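Visitor: Got a predicted structure plus its sequence, pasted below:
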Amino acid sequence: MTSETAFRRLVLLGSVLAGLAVAAGAFGAHMLKSVLDPPMLAVYDTATRYQMYHAFGILMAGAAARICSDARFAVAGWLFAAGTVLFCGSLYAVALLGVRWLGAITPLGGVAFMLGWALLGWRAIKV
């Protein structure tokens, strides 16, 4: 994958995930306050916040790929995407569906997030 392709794909993905995070946050604030108990609402809120943080991380990885002409920055973006699915997705499932055992997947998403940030930093000092 070229750095330009990485840029385009990651900016699209980051933008979609950021928009969905806004929608999820609004849904939580307006529709779920009366449905979920406070601890589950907090779990849902954590998912929306981390989704937004890492949507920005995906955008950052895409921008870095283009600015530095180095498609290897994309790996960090894909780790953020995987973390979003695992971490945020499992928290959404716990809060909305009550599928508590999916909470066991959440740390895998957290590891993907941490690896993504470490790789983004590592690539930045290696350029």
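Guide: That came in fine, so what should we check first?
Visitor: Give the helix, strand or coil label for residue 35.
Guide: Judged by DSSP: H, G, I helix; E, B strand; the rest coil, the three-state class of residue 35 is coil.
Visitor: burial count for it?
Guide: When neighbours are counted by other CB atoms under 10 Å, residue 35 registers 10. Quick note: C-beta positions are derived from backbone N, CA and C, even for glycine.
Visitor: Phi, psi for it please.
Guide: phi -100, psi -40 (degrees, to the nearest 10).
Visitor: Might you report the residue contacts of it?
Guide: Residues counted as contacts of residue 35 (CB atoms under 8 Å, 6 or more residues apart in numbering): none.
Visitor: pLDDT value on it, please?
Guide: We have a pLDDT of 94 for residue 35.
Visitor: Next one: it from residue 45, what distance?
Guide: Distance of residue 35 to residue 45, given as CB to CB, to the nearest Å: 14 Å.
Visitor: cool, residue 12 as well?
Guide: 26 Å.
Visitor: Just want to know which of those two has more residues nearby.
Guide: Neighbour tally, residue 12 and residue 45, criterion other CB under 10 Å: the higher count belongs to residue 45, 18 against 13.
Visitor: Against residue 25, how distant is the more buried one?
Guide: Taking CB to CB as the criterion, residue 45 is separated from residue 25 by 8 Å.
Visitor: again, but for residue 18
Guide: Taking CB to CB as the measure, residue 18 falls 11 Å from residue 25.
Visitor: same thing with residue 76?
Guide: 24 Å.
Visitor: Equivalent analysis for residue 127, please.
Guide: Taking CB to CB, one finds residue 127 at 34 Å from residue 25.
Visitor: between these two, who's got more neighbours?
Guide: residue 25 (17 against 11).
Visitor: show me what contacts that one?
Guide: 45, 48, 52.
Visitor: how about the residues you listed in a markdown table, adding secondary structure, distance to residue 30 and pLDDT?
Guide: Formatted as a markdown table, the contacts of residue 25 follow (DSSP: H, G, I helix; E, B strand; the rest coil; distance: CB to CB, whole Å; pLDDT from 0 to 100):
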| residue | secondary structure | distance to residue 30 | pLDDT |
| --- | --- | --- | --- |
| 45 | helix | 13 | 98 |
| 48 | helix | 13 | 98 |
| 52 | helix | 17 | 98 |
